[in-house]
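Peer 1: sequence plus predicted model, see below.
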Amino acid sequence: MKISILQMPVAFARPDENIQTLRRMIEASMREEPDVLVLPELWRLGFYPQPIAVHADLDGQQSRAVLAELARKNGVNIVGGTVANRREGKVYNTCYIFDRTGTEVASYDKAHLFTPSGESADFAAGDNAVTFRLDGVLCAVAVCYDMRFPEFIRKLALEDISVLFLPAAWPASRLSHWQILTRARAIENQLYVIAANEAGTDEQGNHLAGHSAILDPWGEAIAEADEGEAILTARLRPGLRQHIRETLNVYADRRPELY
């Protein structure tokens, strides 16, 4: 499986401009012939204009239509970052996933909302963990702050996923946390972690960290960006995860009766 992360420079509260950026970057990325494209968190709006309910995409209609079209047109799977999605009177931070035919195969509402920024006051939390298959590979998605909850990621890992997609809008002020935590989640769960961060600035003018990375199950970065716009591509080694689990089988040595 060949993965391309689109580390987008997101224009704050300008969805049409961001959709044009997405189209441009996807066109460029397809020269590498990836199997999966991965977008960052809240790529349509940035993190995030107020009041969010006014700016949110009603039932994700615009975002889903664009992502489905681009997946179908390019014959590529898309893990669609997240968008502010207004449905049934609430706003969710939602990831939509599409296969090569443009069919929506899964969606996930961010479960852990970042209280210090007020996200928990503006968004409703999701209440499900989600797994799905892309080209036969079992995958899962978590979003940004979800990564700080290792028990949540372990729950996904116990479903026997091979790849964890992690869209984010992570600030430069906590870049070291981003790098340490993404590596830790890959190492402790023996998974590929596809960490797709934004470039640009958030609502308060804080710089986003960038530094998207494709991490193997040893926690080694097989591709890593800097802080600016980037298309990051790497091929996952199909037998590496199994080799690591046979060499160092932490799952066999777990003591869940103790915790």
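Peer 2: It's in.
Peer 1: helices along the protein, start to end?
Peer 2: Assigned by DSSP state H, the chain shows helices spanning 15-29, 52-55, 61-74, 119-122, 150-157, 175-189, 240-247.
Peer 1: look up how far T247 lies from A56.
Peer 2: Separation of A56 from T247 (Cβ to Cβ, to the nearest Å): 46 Å. Using the backbone N, CA and C atoms, a C-beta is placed for each residue, glycine as well.
Peer 1: more neighbours, those two?
Peer 2: Shown here are A56 and T247; by other Cβ atoms under 10 Å, A56 has more neighbours (26 against 8).
Peer 1: list the contacts of that one.
Peer 2: 83-86, 91 (Cβ atoms under 8 Å, 6 or more residues apart in numbering).
Peer 1: cool, and A199?
Peer 2: 7-10, 208, 210, 227-230.
Peer 1: who's it bridged to?
Peer 2: P9 (DSSP bridges).
Peer 1: any idea how far it lies from L113?
Peer 2: Taking Cβ to Cβ as the measure, A199 falls 23 Å from L113.
Peer 1: got it, and P217?
Peer 2: 29 Å.
Peer 1: ok so, going back, between the helices of the chain, which gets nearest to Y108?
Peer 2: Nearest to Y108, of all the helices of the chain, is helix 150-157, at 10.4 Å by Cβ to Cβ.
Peer 1: any buried residues in that closest one, and which?
Peer 2: Of all the residues in helix 150-157, those buried under the rule 16 or more other Cβ atoms under 10 Å are 152-153, 156-157.
Peer 1: got the contact list for stretch 58-76?
Peer 2: For stretch 58-76, contacts defined as Cβ under 8 Å, 6+ apart pick out 15, 19, 22-23, 26, 30, 34-37, 44, 57, 77-78, 80, 83, 85-87, 94, 96, 98-104, 107.
Peer 1: which of those residues fall in strands?
Peer 2: Among the contacts of stretch 58-76, the members falling in strands are 36-37, 57, 77-78, 83, 85-87, 94, 96, 98, 104, 107 (criterion: DSSP state E).
Peer 1: in those residues, find the pair that's most separated.
Peer 2: V36 and R86, at 27.2 Å, using Cβ to Cβ across the ones in strands among the contacts of stretch 58-76.
Peer 1: E104 and V193, how far apart?
Peer 2: Distance from E104 to V193, by Cβ to Cβ: 23 Å.
Peer 1: do the same with G200
Peer 2: Applying Cβ to Cβ, the value for G200 to V193 is 22 Å.
Peer 1: of the two, which one has the most company?
Peer 2: Neighbour count, other Cβ under 10 Å: between G200 and V193, V193 has more, with 26 against 22.
Peer 1: so that one bridges to which residues?
Peer 2: The bridge-partner assignment for V193, based on DSSP bridges, gives L164, L215.
Peer 1: quick check: it touching A186?
Peer 2: Yes: contact status for V193 versus A186: in contact at 4.2 Å, counting by Cβ atoms under 8 Å.
Peer 1: find residues that contact each of the two.
Peer 2: Counting by Cβ under 8 Å, 6+ apart, the residues touching both V193 and A186 are 164, 215.
Peer 1: with adjacent residues omitted, what lies nearest to I52?
Peer 2: Take I52 and drop its neighbours on the chain: the residue closest to it by Cβ to Cβ, 6 or more residues apart in numbering is D122, 4.7 Å away.
Peer 1: who's in contact with that neighbour?
Peer 2: Taking Cβ under 8 Å, 6+ apart, one finds 48, 50-53, 91 in contact with D122.
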